[in-house]
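Novice: Sharing a sequence plus its predicted fold:
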Amino acid sequence: MIEIEQGASDFSTLGLIPMPLTIEEGAHGFPIYKDTYIKTSDSTELLLQMAQFTAEKIFQHSGLSLDINPLNPSGTAIELELTPTEENEGDTTENNLDPNTTGEAYGIWVGKSVLKITSAQPSGLFRGIQTFRQLIPNLATTIDNKPVWEVPGGNIEDAPNYAFRGAMLDVARHFFTVQEVKRYIDLLAYYKINILHLHLTDDQGWRIEIKKWPKLTEVGGKKEVGGGPGGFYTQAQYKDLVAYASKHYMTIIPEVDMPGHTNAASVAYPFLNGNGKTPELYTGTEVGFSTWDANNEKVYDFVEDVVNEISALSPGPYFHLGGDESHVTKKPDYITFVNRVSEIVKQAGKTPIGWDEIVTADTDSSAIAQFWASEKNAGIAVQKGMKVILSPAKKAYLDMQYKEESPYGLHWAGYVPVDTAYIWTPETYAKGVPKELILGIEAPLWSETISNSDEIEYLAFPRLPGYAELAWSSPEKRDWNEYKGRLALQSLFFDRNKVNYYPSEKIDWVKPPIAPKTIGKD
Ligand code: TNX
C-alpha cells in the first residue's frame, strides 16, 4: 500500500467553496491511485448510486477508474458511511427543509489508508462527497502523468447555515433543453446548492406540457425572446429533470407566474385574459402588460388543472405562483387572484411561494415570500409571520451585468461585479427580517439576454460560488479578501469542466483563464 506524508498541499491551498465549519489539519495525507477503492457502509441502491457518482467524478477528474466494494481490496479506501443517530434519524426525505433535520451535516476524516465520509443522512453524505471532490488536487493532468493523487490529512466537520440554498433559471424568456438544465445542475451541485427553481412560464413562452390544456405548449411554447423557435418540456422530460436533480439531492421548485407574465397562455386560450381579445405571441422583453381574469371561475378551474398536473410531477414541498409585476391587474383583482390560487396550491399539498408582491394579498404564515425588490413587502411578510427567501436584485440577480461593457445581462438593479455579489450579510440585509424567518437565499438567472449553456455560465460564474457560500457558511467564516483566494482557484475546476466563466479582473486567477468560447474577454 502506498503511503504519503502530508506533502505540499494543505486544506488552505485547495480553495474549498463553500467554506466548511471546522477544518483540522492532520499528519498524513491520503493517496488515491489505481488500487484505491470505494467502500459503502451498506449495499442499498442509494449508497451504491452515490459510490458510482463518486467514482465517475474521480474518473473525470483524474482518469483513475476505481472499484466499488471489491472482493479482494488491496489499496487505500474511500469509505461512504451512513451513521444514523437517534436524534438525526428524523425525516429522510429531501422535502423536510428544516436545517436541524435535513441531515446535511457530514464529516470527513482523512487518514493514511482510509478516507471516510460520514453523515446521518444520504443528503449529508452527498454534500460531503462534494467537499471530497474539492480535496483532490486540481491539476490539468491525468493518471498517465500522475499515478498518485494526494489528499491532505485532517478532519472536516460541516453543516449548512441555511437549509434553502437556491438558484433559479428562467426557461421561459429563452428555452433551455433538458441537457442544458442538467449541465447547470451538475455545476450547482458541486457548490452544494440544493434548490433549483424553474421559471416555467412567462409572456414569451409556456414551457411545460399540461395534458388537459395541450395548446399551452403547442401554441404558447412556439417562440422565445428574439423570435427563435422556443420549446417546452414534455411531462416525461420534466420528470427526468426532477429525477436528475433528486440524484444530486436537489429539489426542483416549479413556477407558473400569474396573474401577470401570462401572455403566452392567453394566446393559446384567449378566455384567460378576460378582455375578449386574442393576443399574439410576444418576443420582446417588456414586462407588466398581461393579466388573467380574476373574476372568471373558468380561470380558476384552469389554474387548478395546471397546479395539480405539475404538483403530481413534483416530489418537493413547494409550488411557486409568481405574482410579480401584475401592473395591469386591478388591485382588488390581484388580491382575489392570489388568495384563490394560494388555496389551490395548498389543496394540491404544496406550500405556496410568491415574489414579494404577494404579501399585499391576504397571505399568512402558510405562504413564503421571495424578496427581490421591495423592503416594504419584506416587512409586511415579517408582520404576517411569513418565511422569506432572500433574492435582492441588487446583490443576488445573476442576470445583472458585471459592468457596463458586459455582453450579457441587464442593469436595472445596478451592475453586480463579483465582489458586490459576495459582500453582504443575508442575516441583516433586509431590515427587520429576523434570521428565524429567513428560509434561505436564492440567486435568480433571468434569460432575456442569454440562450445557451455558455451564456448561462458566463453570468453564473464566478458569482454563483459566492451565493453558495453565503447560504452554506456562517457569517463569521466569510471574508472577501480570503474568499478571493479560494475563488481564484476555481479557474482550475472551471477549465477542466469547460465552464465558460467570466474571468473577472478583480480575481487573480490561478492559471491564465482559457479564452471564452463564444465571446471576447470584457
Ligand atoms: C424582474 S424579478 C422580473 C423579471 C425579469 C427580471 C429581469 C421579478 C420577480 N420579475 O420578470 O426577468 O426583472 O432582471
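Specialist: Right, received. Where do you want to start?
Novice: Mind listing what's buried along stretch 449-460?
Specialist: Judged by neighbour count (16 or more other C-beta atoms under 10 Å), stretch 449-460 contains these buried residues: 449, 450, 451, 453, 454, 455, 456, 457, 458, 459, 460. Just so you know, the C-beta spots here come from the backbone N, C-alpha and C atoms, and that holds for glycine as well.
Novice: does the third one sit in a helix, a strand or a coil?
Specialist: Translated: residue 451. coil (DSSP: H, G, I helix; E, B strand; the rest coil).
Novice: right, and it touches residue 227 too?
Specialist: No. If you go by C-beta atoms under 8 Å, residue 451 and residue 227 don't touch, sitting 11.6 Å apart.
Novice: now, which of the buried residues of stretch 449-460 sits nearest residue 120?
Specialist: Distance to residue 120 across the buried residues of stretch 449-460 (C-beta to C-beta) is lowest for residue 460, with 31.1 Å.
Novice: where's the residue nearest to the closest one when sequence neighbours are not counted relative to residue 447, distance?
Specialist: Nearest non-adjacent residue to residue 460, counting by C-beta to C-beta, 6 or more residues apart in numbering: residue 398, 5.4 Å away. The gap separating residue 398 from residue 447 is 10 Å, by C-beta to C-beta, to the nearest Å.
Novice: any idea how far residue 173 is from the residue in the stretch 351-500 of the chain positioned nearest to the ligand?
Specialist: Taking C-beta to the nearest ligand atom as the measure, the stretch 351-500 of the chain has residue 446 as its residue closest to the ligand, at 3.5 Å. Distance check for residue 446 against residue 173: by C-beta to C-beta, it reads 7 Å.
Novice: cool, and residue 403?
Specialist: In this structure, residue 403 and residue 173 are 22 Å apart, going by C-beta to C-beta.
Novice: of those two, who's got more company?
Specialist: Neighbours per residue (other C-beta atoms under 10 Å) separate residue 403 from residue 173, with residue 173 holding more: 22 against 14.
Novice: Over to the more buried one: give its phi and psi.
Specialist: phi -60, psi -50 (degrees, to the nearest 10).
Novice: Let me see the contact set for it.
Specialist: If a contact means C-beta atoms under 8 Å, 6 or more residues apart in numbering, then residue 173 has 202, 204, 205, 224, 225, 285, 446, 447, 448 as its contacts.
Novice: Turn the residues you listed into TSV, including neighbour count, secondary structure and pLDDT.
Specialist: Below are the contacts of residue 173 laid out as TSV (neighbours: other C-beta atoms under 10 Å; DSSP: H, G, I helix; E, B strand; the rest coil; pLDDT from 0 to 100):
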residue	neighbour count	secondary structure	pLDDT
202	30	strand	98
204	29	coil	98
205	31	strand	98
224	25	coil	98
225	24	helix	98
285	14	coil	98
446	23	coil	98
447	24	coil	98
448	19	coil	98
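Novice: Count residues in the vicinity of the residue of the stretch 201-350 of the chain found nearest the ligand, would you?
Specialist: In the stretch 201-350 of the chain, the residue that lies nearest the ligand is residue 324 (3.4 Å; C-beta to the nearest ligand atom). Residues contacting residue 324 under the criterion other C-beta under 10 Å number 19.
Novice: and it, what does it touch?
Specialist: 257, 260, 261, 354, 355, 356, 357, 372.
Novice: now, which of those residues lie within strands?
Specialist: Secondary structure from DSSP state E places 257, 354, 355 of the contacts of residue 324 in strands.
Novice: And the pLDDT for residue 101?
Specialist: pLDDT recorded at residue 101 is 49.
Novice: If you could redo that for residue 475, that was the one I meant.
Specialist: pLDDT for residue 475: 93.
Novice: now do the one 10 residues further on
Specialist: Residue 485 is assigned a predicted lDDT (pLDDT) of 95.
Novice: What residues does the stretch 301-450 of the chain have near the ligand?
Specialist: Contact residues (C-beta under 6 Å from any ligand atom) of the stretch 301-450 of the chain with the ligand: 324, 325, 355, 372, 397, 399, 410, 446, 448.
Novice: now swap in the stretch 151-300 of the chain and tell me
Specialist: Residues of the stretch 151-300 of the chain lying close to the ligand (C-beta under 6 Å from any ligand atom) are residue 287.
Novice: Quick one: residues contacting residue 487.
Specialist: Residue 487 neighbours (C-beta under 8 Å, 6+ apart): 15, 17, 418, 462, 465, 466, 507.
Novice: Can you tell me how far the last one is from residue 114?
Specialist: It refers to residue 507. 36 Å.
Novice: ok, the two, which is more surrounded?
Specialist: Using other C-beta under 10 Å as the criterion, residue 507 and residue 114 rank with residue 507 on top: 21 against 13.
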